[in-house]
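Q: Provided below are the primary sequence and the corresponding predicted coordinates.
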Amino acid sequence: MTKIGRPVFYELPRGEALQMLSNHRVGRLAFTFRDRVDIEPISYLFQDGWIYARTSPGTKLQVVRHNPWVAFEIDEIESRYDWRSVVVHGTIYFLDASGGDRERETFQTALELMRSVDSELLTPDDPTPHRSALFRIHADEIMGRAARSAD
């Protein structure tokens, strides 16, 4: 049996954490309601300090509308001691195409950004048309952690 050295744990530089957020398209959204924490996978796009995503209308939306502080996480895992992880804490904002001028403009910007990754999003050809609620999360705090095996 080969003995491995002690792993090294460290904080990711901010630039690496931002690059990871930009490179990935699926992460996990964590939110709370009363004494329960839920975590759900979501596809997303990171742009200029915001995470853009969409979901289906329903109970989850009602929960986060009343408690809009969320966490979001992505990971790259190669092995037990070779991984990188980024956690974002922020506030979730739902986008409304029928709101005022500024709200419509924000919705349209989000839609265009998200269509740069999925051109069928919210069109008649959308493969998941039930996911019609767009939102964004402001990345108030971004923390990256990593581990690497000792050489």
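A: That came through, no problem. Numbering: from 1, shown residues only.

Q: Could I get the full set of strands for this structure?
A: 8-11, 26-33, 36-47, 50-55, 69-79, 82-94, 133-148 (DSSP state E).

Q: Quick one: closest of those to Val117.
A: Nearest to Val117 among those is strand 36-47 (5.5 Å), distances taken as CB to CB. Glycine gets a C-beta too; all of them are placed from N, C-alpha and C.

Q: Can you mark which positions in the closest one are buried?
A: Buried residues in strand 36-47, defined by neighbour count with 16 or more other CB atoms under 10 Å: Ile42, Ser43, Tyr44, Leu45, Phe46, Gln47.

Q: next one: stretch 110-125
A: Across stretch 110-125, burial judged by 16+ other CB under 10 Å covers Ala110, Leu111, Leu113, Met114, Asp118, Leu121, Leu122.

Q: And for stretch 16-30?
A: Ala17, Leu18, Met20, Leu21, His24, Gly27, Leu29.

Q: Can you get me a residue count around the nearest residue to Trp69 once chain neighbours are set aside?
A: With CB to CB, 6 or more residues apart in numbering as the criterion, Trp69 has its nearest non-adjacent residue at 5.9 Å, and that residue is Thr91. For Thr91, the number of neighbouring residues by other CB atoms under 10 Å comes to 13.
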